Structures are given as C-alpha cells and as structure tokens.
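K.L.:
next input, structure requested:
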Amino acid sequence: MINLKSIRFITLIAFIKIAILIVFLYLDLNDKITGNYARYLFTSLSLITFIAIVVYLFGILKFLGESNSVLIAFKIFIGFELVSFVLGMTLGLFLKSYYYYAIMEIARFCVLLYLAIQLTKMQDPILKPSFAFFGVASLVTCILMMVAPVYISAVIKSMIVKPPVDTIRHMYTFLGIADILTLIAVIIILNQMQERLNYAEGPAKKDPFFAGYEGNSEEK
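P.N.:
Sure thing, here's the model as predicted:
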C-alpha cells in the first residue's frame, strides 16, 4: 500500500538499517561482539530491514505502472537475496567455504547488473534517475565486496609480519558501510514519492511531474 504513512514508515526503516550498520561497525571495532551468533543476529536484522525496503520499492514500481521487465528484475533480486540469506545462515553454521561465498557474490553481481540495466529503462521521467542510482549503487557495493577482500588477502600474503585475525575481520566489517550509498538512493526515492503524494492529495494543479498519478494515491 503506497501512501504517506507507509512512506514515512519505510523511511524510518531505512534510517534504522543505517543505524544497524554503524552500531555493528562500532561494536566490532571495539571487540564488543564475540561469537558467530551475535553476528548472525545483526545480519538477520540488517536483511529484514533491507527486504522490507526493497519490497516497498517493488510496490512503488507497480504503483507507477512500470513494465513487466522492470518488475521481473526486482522480483529476481528480492528472491535471490532471500535464498542467499537462508543458505548463508544455514551453511554458515556448518560449512566454512570461501568458494561458496565467492560463487554467491558472482551470482549477486549478475543479478544486480541485470537489475541496474532494467532500471535504466523505467518510463517514469522523475523517479527513473533515482531508481537508476539505486541500481548502480547496489552494483558498485557488490563489486567493492568482491574486489576488496581479494586485494586485502593479496596484501596480507605479501606481508612478512601478518596482522592479527581481528584486524582482518574489522576490515571486512568496515566494507559493509558501503551499503549506506544504496540507502541514500532509497531515501531519495521515498522523498520524491512523498512529494508526489502530497501534491496529488492537495489542490489539483497542472504539472507534468504528477500528471496521471492523482488517481493512484491512497488515503493517508
């Protein structure tokens, strides 16, 4: 349901996810998190908020009447994230395989590349740049998560004196902050939709920004 109340709620969720990323980084850098279960808790909270956000973005695309190709790309993206999370949480308890994570990151890159391409084909002239920014930001974050660990591993192997294991873990945790770029794109999209609904629910005016959407808004 796309209305002003739901937009405010999802905006709050986006800021909560940003807070989760920052708090997790702070706790990890200060060695306040011990054990895998605490990490799984933060990972679960992060994914739950993220899925809520992307499902709502999918709802916005349907509200705007976007093409099936765009909607299908978003469905594939949401489905992949859910499957990846379930497999990661299940196998992570019993299997420590870097090959598995490498394969999943490559698959994520392919999914995000397809999504980013489809978002550039959106019909809505106003929200298209913001959604394209979301797609590109997600793709850039994925590339960073793929390339940075390889670079870090290569640097560590070349060092005569190896850094502590905790230092390496902190580096990987710090990379997660890159997700904030994607969340900025989300906040921009939600702000634009809020402005659109505020206008549509107010006095009718002639403006191409809102043309054709006045009848789609739902009650607050």
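
K.L.:
list the buried ones in the longest helix anywhere in the chain?
P.N.:
In the chain, taking DSSP state H as the definition, the longest helix is helix 128-158. Across helix 128-158, burial judged by 16 or more other C-beta atoms under 10 Å covers 128-139, 141-142, 145, 149. For every residue, glycine as well, the C-beta is placed using N, CA and C.

K.L.:
tell me the helix or strand right after the helix or strand harbouring residue 173.
P.N.:
In this structure, residue 173 is located in helix 165-175 according to DSSP states H and E. For helix 165-175, the following helix or strand on the C-terminal side (DSSP H and E) is helix 179-200.

K.L.:
what angle separates that following helix from helix 128-158?
P.N.:
Relative orientation of helix 179-200 versus helix 128-158 (axes from the mean of the first three to the mean of the last three C-alpha atoms, to 10 degrees): 170 degrees.

K.L.:
what packs against helix 179-200?
P.N.:
helix 4-29, helix 36-63, helix 128-158 (3 or more C-beta pairs under 8 Å, 6 or more residues apart in numbering; DSSP states H and E).

K.L.:
average pLDDT for it?
P.N.:
For helix 179-200, the mean pLDDT works out to 91.

K.L.:
over to stretch 151-170?
P.N.:
Stretch 151-170 comes out with an average pLDDT of 68.

K.L.:
let the chain start at 5 from now.
P.N.:
Renumbered: residue one is now 5, and that last one reads stretch 155-174.

K.L.:
now tell me which helix or strand of the protein has the poorest mean pLDDT.
P.N.:
Lowest mean confidence among the helices and strands of the chain (mean pLDDT, DSSP states H and E): helix 169-179, at a mean of 67.

K.L.:
I'd say residue 119 and residue 78 touch.
P.N.:
Yes. Here residue 119 lies in contact with residue 78, judged by C-beta atoms under 8 Å, at a distance of 6.8 Å.

K.L.:
how far does stretch 122-135 sit from its chain's centre?
P.N.:
Centroid separation for stretch 122-135 versus its chain: 17 Å, with C-alpha atoms, centre = their mean, to the nearest Å.

K.L.:
name the surrounding residues that touch it.
P.N.:
61, 64-65, 68-71, 73-74, 76-78, 136, 138-139, 189, 192-193, 196-197, 200, 213 (C-beta atoms under 8 Å, 6 or more residues apart in numbering).

K.L.:
now the residues you listed: which count as buried?
P.N.:
Taking 16+ other C-beta under 10 Å as the criterion, what is buried in the contacts of stretch 122-135 is 61, 64-65, 68, 70, 74, 77-78, 136, 138-139, 189, 192-193, 196-197, 200.

K.L.:
confidence score at the nearest residue to residue 88 once chain neighbours are set aside?
P.N.:
Nearest non-adjacent residue to residue 88, counting by C-beta to C-beta, 6 or more residues apart in numbering: residue 108, 5.6 Å away. At residue 108, the predicted lDDT confidence score is 83.

K.L.:
residue 108: neighbouring residues, count only.
P.N.:
The local packing of residue 108 (other C-beta atoms under 10 Å) involves 16 other residues.

K.L.:
which of the three states applies to the residue of the chain most remote from its centre?
P.N.:
The centre of the chain is farthest from one residue, residue 164, which by C-alpha atoms, centre = their mean lies 37.7 Å away. Three-state call for residue 164 (DSSP: H, G, I helix; E, B strand; the rest coil): coil.

K.L.:
buried residues, stretch 192-208. List them.
P.N.:
Residues of stretch 192-208 classed as buried: 192, 193, 194, 196, 197, 200, 201, 203, 204 (neighbour count, 16+ other C-beta under 10 Å).
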